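[1] below is the structure, and that's it, no one-letter string:
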């Protein structure tokens with residue numbers, strides 16, 4: 001192979017690029033599935049980054065002050081797996097052979113916690129860009145808290161045309177530019193090809209001008225995708241930039257150097273033919289044999305990295321020398337900045353009327369000072385949702401340690417930025433919007449749950465109680481939609497005190513589940529007496545018996561604000577001589593995690609049951625015989641009227657039970 005193919009590459013880098021390029025053809029061909037072309041085109045850039053610029057250590061892959069690398073175009077996962085293998089991380093040739101196979105360490109798209117070097121779960125295009133914004137934001141906050149001697153790393157993102165076409169990248173880039181996240185660099189792989197064909201079919205943006213307008217420093221390298229020295233110079237320029245995030249535009253050619261597949265749309269997502277692979281390998285100067293990988297490269301690249309300085313070991317020495325400051329940082333990183341200290345907050349008085357969203361502000365006031373990792377914000381609804389840190393300044397380039405984050409009207413980006421913060425380590429993000437806009441943030445919620453990110457999504461105005469705003473703003477099917485999502489804790493507290501309790505549980509847990517906290521706009525009766533005691537004990541278990549009667553003829557189930565109607569209905573039915581049970585179900589996923597004996601004792605399926613919830617009834621029949629709810633869109637009218645119109649009240653329960661029992 002002529003050295004002119006990869007200008008500036010030394011002998012080791014050239015061998016690495018050629019082997020990654022060959023692997024990018026072999027693995028998808030073996031799996032008969034995968035994306036070869038972009039991985040081939042990006043091999044020089046990725047090799048330069050891992051060899052010359054990125055601060056990383058294969059012998060200590062998760063040391064906290066490493067640079068973060070995010071492959072936003074996650075369909076190119078074989079590129080990242082090749083980098084991990086050839087730079088000495090714990091990823092074997094056998095792992096590479098099992099690309100896209102069952103239970104392998106090399107899945108079709110990068111998954112956090114599965115493969116070394118993978119920081120976030122990517123695949124749906126554009127979210128990796130927003131995750132990168134979150135990671136850069138986390139680094140900034142922790143550096144402000146603990147000093148640049150202990151926190152001093154950068155975030156590097158590789159994104160493609162598809163990432164920049166997706167709306168989330170616009171949201172995230174605008175936010176990053178506004179905040180001046182100077183330690184964030186995005187490489188834009190401008191290869192002009194999508195699955196349908198040339199990008200010009202649908203995309204004629206001037207990306208450099210757009211990002212410059214967002215407030216980014218832009219470097220347009222043009223046709224330099226294979227020039228390692230030019231790529232390094234651009235990366236060094238990004239490092240030197242101290243006011244703005246940087247976009248580096250690289251015009252690559254998908255499928256390079258294949259004469260058959262280069263610049264063709266088929267190179268995007270179709271495995272190469274045997275003839276095309278042989279032809280490209282001949283130009284690369286590598287053996288024409290599947291997975292004939294250079295066995296020396298991992299050791300050589302790893303040795304070079306370590307010979308240039310053991311950055312991880314040096315950092316750990318600085319951490320130890322920092323004494324108490326270093327101990328605090330290590331503890332925060334290990335426990336996600338969780339809440340510590342006594343339970344000394346004030347509960348609401350029983351019998352009062354308090355919207356559960358208002359309890360969120362009391363929770364912030366009570367818990368924030370004792371939760372060092374907490375960041376909080378809103379998609380332009382801060383006063384409405386109560387996610388306000390009164391002790392903290394707004395996050396900005398002037399206040400780099402600010403924990404109050406104003407995300408703007410950018411729900412999707414907010415969600416993905418919070419995922420980046422959580423997976424960075426050391427932070428515990430909470431972000432808020434109206435529940436109806438969970439539709440806008442849902443893709444980020446999904447990846448948060450998939451990657452076990454400890455994020456608190458706070459959704460308020462949880463039902464038709466929104467009232468006059470009408471059906472466009474009244475969430476009806478949203479509870480059912482989110483409850484269908486694996487690993488997500490959808491939490492709908494029964495009253496204000498239960499809200500405080502469940503928020504505290506999230507803040508205290510060193511490894512909290514991804515949580516959607518769903519809160520009411522309207523006032524809810526605060527439980528008292530034995531009901532309140534039952535709530536404090538049972539709510540963390542997701543479902544619990546509020547009232548039990550051995551002679552109960554019916555069980556009344558609800559979540560959230562409708563629990564108060566069950567209690568009122570139970571009182572009315574008791575006055576008519578009908579004994580009932582009342583069961584609150586604030587978190588179905590938490591309830592399902594309980595042992596079978598407990599679940600059976602709560603459900604008591606030998607007793608007829610009915611649920612009441614101000615939303616779609618879908619899903620309730622796993623727990624009850626009948627479900628009352630709203631299986632239609634809402635209406636524009638005062639909230640109290642809408643609730644009555646849809647019979648979300650105690651009378652509906654009383655009438656249902658009496659009609660089924662034929663009670664006079």
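    Looks like it arrived, so ask away. All values derive from a computational prediction rather than experimental measurement.
[2] helices of the stretch 151-300 of the chain, start to end?
    161-165, 167-179, 207-214, 228-240, 266-269, 274-284, 297-307 (DSSP state H, counting those that start in this stretch).
[3] mean confidence score for the second one?
    Looking back up the chat, that one is helix 167-179. Taken as a whole, helix 167-179 has a mean pLDDT of 98.
[4] quick one on the thing from earlier: out of the helices of the stretch 151-300 of the chain, nearest to residue 38?
    Residue 38 sits nearest to helix 266-269 of all the helices of the stretch 151-300 of the chain, at 6.8 Å, using C-beta to C-beta. Where C-beta positions appear, they are placed from N, C-alpha and C, glycine not excepted.
[5] of all the helices of the stretch 151-300 of the chain, which one is nearest residue 515?
    Of the helices of the stretch 151-300 of the chain, nearest to residue 515 by C-beta to C-beta is helix 167-179, at 21.4 Å.
[6] and the angle from the closest one to helix 207-214?
    50 degrees (axes from the mean of the first three to the mean of the last three C-alpha atoms, to 10 degrees).
[7] determine the set of other helices and strands touching helix 167-179.
    On a contact count with 3 or more C-beta pairs under 8 Å, 6 or more residues apart in numbering; DSSP states H and E, helix 167-179 meets helix 127-146, helix 207-214, helix 411-424.
[8] what's that helix in contact with?
    126-127, 129-130, 132-133, 136-137, 159, 163, 184, 186, 211, 214-216, 244-245, 395-397, 407-408, 410, 412-413, 416-417, 443-444 (C-beta atoms under 8 Å, 6 or more residues apart in numbering).
[9] tabulate the helices and strands packed on helix 167-179 (TSV), appending distance to residue 104 and mean pLDDT.
    Shown next, in TSV, are the helices and strands packed on helix 167-179 (distance: least, C-beta to C-beta, whole Å; pLDDT from 0 to 100):
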stretch	distance to residue 104	mean pLDDT
helix 127-146	21	98
helix 207-214	35	98
helix 411-424	22	98
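[10] for residue 181, which non-adjacent residue is spatially closest?
    Excluding the flanking residues, the one nearest residue 181 by C-beta to C-beta, 6 or more residues apart in numbering is residue 136, at 4.4 Å.
[11] now for the one you found: which residues touch it?
    Residues near residue 136 by C-beta under 8 Å, 6+ apart: 154-155, 176, 181, 183-184, 245, 420.
[12] and it, how far from residue 143?
    Taking C-beta to C-beta, to the nearest Å as the measure, residue 136 falls 11 Å from residue 143.
[13] burial measure for the residue lying closest to residue 549 once chain neighbours are set aside, as a count.
    With C-beta to C-beta, 6+ apart as the criterion, residue 549 has its nearest non-adjacent residue at 4.2 Å, and that residue is residue 579. Residues lying near residue 579 (other C-beta atoms under 10 Å) number 15.
[14] I'd assumed residue 551 was in contact with residue 579.
    Yes. The pair residue 579 / residue 551 is scored as a contact, 4.8 Å apart, by C-beta atoms under 8 Å.
[15] between the two ends of stretch 612-626, how far is it?
    Using C-alpha to C-alpha, to the nearest Å, the end-to-end distance of stretch 612-626 comes to 9 Å.
[16] and stretch 620-633, by the same measure?
    18 Å.
[17] could you do stretch 280-291 as well?
    OK, stretch 280-291 end separation, C-alpha to C-alpha: 14 Å.
[18] quick one on the thing from earlier: can you select the buried ones among the contacts of helix 167-179 for me in ChimeraX?
    Buried residues among these (16 or more other C-beta atoms under 10 Å), as a ChimeraX selection:
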select :126,127,129,130,132,133,136,137,159,163,184,186,211,214,215,216,244,245,395,407,408,410,412,413,416,417,443,444
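[19] thinking again about what came up before, right, and out of the contacts of residue 136, which lies closest to residue 110?
    residue 420 (14.0 Å).
[20] apart from its chain neighbours, what residue comes closest to the closest one?
    The shortest distance from residue 420 to any non-neighbouring residue, by C-beta to C-beta, 6+ apart, is to residue 134 (2.2 Å).
[21] how about residue 573?
    residue 580 (5.3 Å).
[22] same question for residue 649.
    residue 565 (5.7 Å).
[23] residue 431 sits in which helix or strand?
    Assigned by DSSP states H and E, residue 431 falls within strand 428-434.
[24] ok, then the element right after that strand?
    helix 438-450.
[25] starting at the chain centroid, how far to that following helix?
    Centre-to-centre, helix 438-450 and its host chain are 7 Å apart (C-alpha atoms, centre = their mean, to the nearest Å).
[26] cool, and stretch 631-645?
    Put simply, stretch 631-645 sits 33 Å off its chain's centre (C-alpha atoms, centre = their mean).
[27] buried stuff in it?
    634, 639, 642-643.
[28] partner strands of the strand holding residue 431, parallel or antiparallel?
    strand 374-378 (parallel), strand 456-460 (parallel) (DSSP bridges).
[29] tabulate the ones you listed (CSV), appending distance to residue 115 and mean neighbour count.
    Shown next, in CSV, are those (distance: least, C-beta to C-beta, whole Å; neighbours: other C-beta atoms under 10 Å):
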stretch, distance to residue 115, mean neighbour count
strand 374-378, 27, 26
strand 456-460, 26, 27
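[30] need those strands in JSON lines (columns: mean pLDDT).
    What follows is the strands paired with strand 428-434, written out as JSON lines (pLDDT from 0 to 100):
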{"stretch": "strand 374-378", "mean pLDDT": "97"}
{"stretch": "strand 456-460", "mean pLDDT": "98"}
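[31] turn the ones you listed into JSON lines, including distance to residue 196.
    Below are the strands paired with strand 428-434 laid out as JSON lines (distance: least, C-beta to C-beta, whole Å):
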{"stretch": "strand 374-378", "distance to residue 196": "37"}
{"stretch": "strand 456-460", "distance to residue 196": "33"}
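[32] circling back to that earlier point, out of the helices of the stretch 151-300 of the chain, nearest to residue 11?
    That would be helix 297-307 among the helices of the stretch 151-300 of the chain, by C-beta to C-beta, at 9.8 Å.
[33] out of the helices and strands packed on helix 167-179, the one nearest residue 294 is which?
    helix 127-146 (28.9 Å).
[34] report the angle between that closest one and helix 411-424.
    60 degrees.
[35] between helix 127-146 and helix 438-450, how big is the angle?
    Using the same axes, to 10 degrees, helix 127-146 lies at 70 degrees relative to helix 438-450.
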